[in-house]
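J.: Test case, fold it:
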Amino acid sequence: FEVALKYIAGEINSVQLTFARFFIGFLFLAPLAWRTLKKRGLSLDRKSVAYFALLGLIGIAICMPIYQMSINFTESSVVAVLFSCNPVFVTFFAFMILKEPIKRRHLAALSLEILGTLAIINPLHIKLNMVGVGLALCSTVLFSIYGVMGKRKCAEYGGAVVTCFSFLFGSVIIFCFILITHIPAVAGFFQSIGLPSFAQIPILEGYTLQNLPYVLYVSAGVAGVGFCAYFLAMECQRGLAGVFLQAGALAHTGLDGPRGGDPGQYAGGYPADPGGLVCQYHPRDTGDQTRQTTDAVQLSFDRCNRCM
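T.: Coordinates of the predicted model:
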């Protein structure tokens, strides 16, 4: 995903791409969300609409442009690894917002997560762009809040509905922001503070037949299926389900240029991956309970597949 974003980063404005990603993702998920609402006999009230709008603001309109900007400042493998650390923040936000307990096995798992992240990035042997690192961490915190807040509505509306309507409101907010950046005074302000990419943001420019497959992949594939699967898994699992995101970061180290050949980066995954298992293990669990996380993730993808 990060590699695809890096590939088209210089061709399409980051805010413009964020709008396209999540509006296409909304269109992709809308039939599934409508079917879920109809099946559950639900409709959206004003309070839920406001909540989904807040989710869209935090997780889409603010988080994702920052995330894509971070890829412009540092290597995509570094961004991928830092973003996959969101379980560290999810654990504490779930404790504060959802009142989920933090147990010793959770802390042990998160310690392995942090050690694995440091081993993969290897900060002592590479020069990190701190602006990119800061933006990546900021987007990670925002996405963690988005995930924890989204789980509150998953039990009532389902993961597909939460994902779909957060995409809708997030893309509407971004579209309004794009229109505002065409006001001369606003465009001049962003240019004066060194952010020309936020001035006069285009809507349709930059798309070509060459980058269109990548745009569709990060829109329908990653945003649509990926985010929906994340929230569907949350329906069956605690907020710490995000721990398993760490393993996916290893793939990016192998696709991000010459650094992919560093064995130390792959070795960093060894303490990180067992972290997810440590987090889910409990000595009193039955055999069925210890398979809860795997079943939850598999169930989420099965649901998506049946409705596509």
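
J.: Please state the offset of stretch 127-139 from the chain centre?
T.: Offset of stretch 127-139 from its chain centre (Cα atoms, centre = their mean, to the nearest Å): 16 Å.

J.: what's it in contact with?
T.: 63-64, 66-67, 69-74, 78-79, 82-83, 121 (Cβ atoms under 8 Å, 6 or more residues apart in numbering). For glycine as for every other residue, the C-beta is placed from the backbone atoms N, C-alpha and C.

J.: from these, which is closest to A185?
T.: Ranked by distance to A185 (Cβ to Cβ), the contacts of stretch 127-139 are led by M69 at 22.9 Å.

J.: Pull the contacting residues for that closest one.
T.: M69 sits next to 14, 135, 197 when contact means Cβ under 8 Å, 6+ apart.

J.: would TSV of those with secondary structure, pLDDT and distance to G159 be doable?
T.: Conversion of the contacts of M69 to TSV gives the following (DSSP: H, G, I helix; E, B strand; the rest coil; pLDDT from 0 to 100; distance: Cβ to Cβ, whole Å):
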residue	secondary structure	pLDDT	distance to G159
S14	helix	83	27
L135	helix	89	27
S197	helix	84	33
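
J.: where in the protein is pLDDT low?
T.: Low-confidence segments of the chain (pLDDT under 70): 1-3, 6, 9, 117, 120-126, 230-231, 234-308.

J.: change it to 50
T.: 239-273, 275-282, 285-308 (pLDDT under 50).

J.: burial of the closest residue to C164 other than its chain neighbours, as a residue count?
T.: Excluding its sequence neighbours, the residue lying closest to C164 (Cβ to Cβ, 6 or more residues apart in numbering) is A33, at 3.7 Å. Using other Cβ atoms under 10 Å, A33 has 23 other residues around it.

J.: P87 reaches L110, doesn't it?
T.: Yes - contact criterion Cβ atoms under 8 Å: P87 and L110 qualify, at 6.6 Å.

J.: out of those two, which sits in the more crowded spot?
T.: P87 (28 against 23).

J.: Now for E113, how many residues are close by?
T.: E113: 27 neighbours (other Cβ under 10 Å).

J.: what about it, which SS state?
T.: What DSSP: H, G, I helix; E, B strand; the rest coil gives for E113 is helix.

J.: ok so, going back, in helices, which of the contacts of stretch 127-139 fall?
T.: 63-64, 66-67, 69-73, 78-79, 82-83, 121 (DSSP state H).
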